[in-house]
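S.K.: whatever this is, show me its structure:
(one chain, ligands or ions: 2)
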Amino acid sequence: MEKIIVRVPATSGNVGNGYSSIGLALHMYYTVIVEEETEKWRVNHAFGDSVPHDDKNLVVQTILKVNPKIMPHQLTVMSDVPLEKGLGSSTTAIAAGIKIANKLENMNLSVNDQINIGSRMEGHPDNIASAILGDITISHYEDGKTDVVKAHMPDEMQALVFIRNEKITQKKGMERFPKEIKFAQEVQTSSASNVFVAALMQKDWDKAAHMVEADSLIRTGQGNDFKDFKVIQQTAHELGIYGTYISGVGSSIITLGDYDHLTTLQSKIESNDQLDGKCRLIDLDRDGATIRGED
Ligand SMILES: Nc1ncnc2c1ncn2[C@@H]1O[C@H](COP(=O)(O)OP(=O)(O)OP(=O)(O)O)[C@@H](O)[C@H]1O
Ligand SMILES: N[C@@H](CCO)C(=O)O
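M.R.: Ligands and ions are numbered 1, 2, ... in the order given. The predicted structure is shown next:
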């Protein structure tokens, strides 16, 4: 019998000034194979002991939240998505759980239902919307419901992801944000995000890239903790490249651009031994999570 295989892309939340709204899917994947029914849930993975192997695993918790009647199975996970680096690892597990529950019980959840379930679990919609739909998504989440639009990043666009060695959980990262912001800052942030989206729709990447870097709450919130961010942004500017931001609440730093510009930036970053992390040039995922196998 054919096995069920679900594949979910890594995602970058908080793109530019689109806090808890704009998400981007990356060609970096989390794969779960659903194996035979077993007496108890068992999850094989190579994340180490911090991630449970039993029914406390986030994939299983999500499956049971979506449908508590689902019988235990053995699951095998293969992942290229690092934990706690601002690349949506928790979202990969949640999206996989939603897709698996939907498939095992033939629930016919719509894509919107799936995004709503994921947004409620995460408390924000940016990662789950782009994980489910792919490419770039713009979302608004209120009262448990997400309104989402999928847009298209330019075809040549790639992401240079600087994965810092420091790990930051989403919870800890959020503590670095200011608890309140002034009205004037809200105007700067939302207008930058509005122009980013409008420029993207008009295929004006140059303007969009500048808006990614316009006034940014996360930099105010995180201040000097992100010195690698400033170094990478400055290095990119010297090469005429705009479009650098902190992915999610960190710790990864992403620069958007085309292959030629980003490979030049990559070699500069890699030759700077003050920077504490690894650089990867990654395509964007355009299709979002997929599931195949028995119905
Ligand atoms: N595949 C997985 N299976 C089970 N638990 C996972 C899995 N992936 C992530 N988690 C849980 O999610 C936590 C990481 O979630 P967190 O939201 O803090 O960071 P992130 O998702 O990697 O980054 P961000 O949300 O900022 O993009 C891990 O410490 C682990 O507890
Ligand atoms: N919008 C989310 C992104 C985290 O991945 C947050 O700020 O917590």
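S.K.: tell me which element Val32 falls in.
M.R.: Using DSSP states H and E, the element containing Val32 is strand 22-37.
S.K.: next SSE after that strand?
M.R.: Using DSSP H and E, the helix or strand that directly follows strand 22-37 along the chain is strand 42-44.
S.K.: can that following strand be found next to ligand 1?
M.R.: No: judged by C-beta under 6 Å from any ligand atom, strand 42-44 and ligand 1 are separated, with a smallest distance of 7.1 Å. Using the backbone N, CA and C atoms, a C-beta is placed for each residue, glycine as well.
S.K.: give the full set of residues in contact with the single nearest residue of the stretch 1-150 of the chain relative to ligand 2.
M.R.: Ligand 2 sits closest to Gly13 of the stretch 1-150 of the chain, with a gap of 3.1 Å, by C-beta to the nearest ligand atom. Listed by C-beta atoms under 8 Å, 6 or more residues apart in numbering, the contact partners of Gly13 are 20, 22-23, 86, 88, 124, 126-127, 130, 247-248.
S.K.: ok so, going back, check which helices and strands the strand holding Val32 is in contact with.
M.R.: Secondary-structure packing of strand 22-37 (3 or more C-beta pairs under 8 Å, 6 or more residues apart in numbering; DSSP states H and E): strand 4-12, strand 73-79, helix 89-104, helix 126-133, strand 136-142, strand 158-164, helix 183-201, strand 277-283.
S.K.: okay, the ones you listed, which one's buried deepest?
M.R.: Comparing the helices and strands packed on strand 22-37 by mean neighbour count (mean count of other C-beta atoms under 10 Å), helix 126-133 ranks first with a mean of 31.
S.K.: show me what that helix is packed against.
M.R.: Where contact means 3+ C-beta pairs under 8 Å, 6+ apart, helix 126-133 is packed against strand 4-12, strand 22-37, helix 89-104, helix 111-122, strand 136-142, strand 145-151.
S.K.: would CSV of these with distance to Glu270 and mean pLDDT be doable?
M.R.: As requested, these are exported to CSV (distance: least, C-beta to C-beta, whole Å; pLDDT from 0 to 100):
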stretch, distance to Glu270, mean pLDDT
strand 4-12, 21, 98
strand 22-37, 19, 97
helix 89-104, 24, 98
helix 111-122, 33, 98
strand 136-142, 27, 98
strand 145-151, 31, 98
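S.K.: around ligand 1, which positions in the stretch 101-250 of the chain sit nearby?
M.R.: 127, 169-170, 248-249.
S.K.: in this protein, where is pLDDT below threshold?
M.R.: For the chain, applying pLDDT under 70 flags the ranges 1, 218-225, 294-295.
S.K.: so which residue of it lies furthest out from the middle?
M.R.: The C-alpha centroid of the chain is most remote from Glu39, which lies 33.3 Å away (C-alpha atoms, centre = their mean).
S.K.: which parts of the strand holding Val32 are buried?
M.R.: 22-26, 28-32, 34 (16 or more other C-beta atoms under 10 Å).
S.K.: near ligand 1 too, which of the residues you listed?
M.R.: Near ligand 1, by the rule C-beta under 6 Å from any ligand atom, you find none of the buried residues of strand 22-37.
S.K.: what's the most distant pair in those?
M.R.: Based on C-beta to C-beta, the longest span within those runs between Ile22 and Val34 and measures 31.4 Å.
S.K.: tell me which residue of the stretch 151-295 of the chain lies closest to ligand 2.
M.R.: Counting by C-beta to the nearest ligand atom, the stretch 151-295 of the chain gets nearest to ligand 2 through Gly248 (3.0 Å).
S.K.: I figured that residue hits Ser89, correct?
M.R.: No: between Gly248 and Ser89 there is no contact under C-beta atoms under 8 Å: 9.9 Å.
S.K.: nearest spatial neighbour of Leu64, chain-adjacent residues omitted?
M.R.: Excluding its sequence neighbours, the residue lying closest to Leu64 (C-beta to C-beta, 6 or more residues apart in numbering) is Ile70, at 6.6 Å.
S.K.: all set, thanks.
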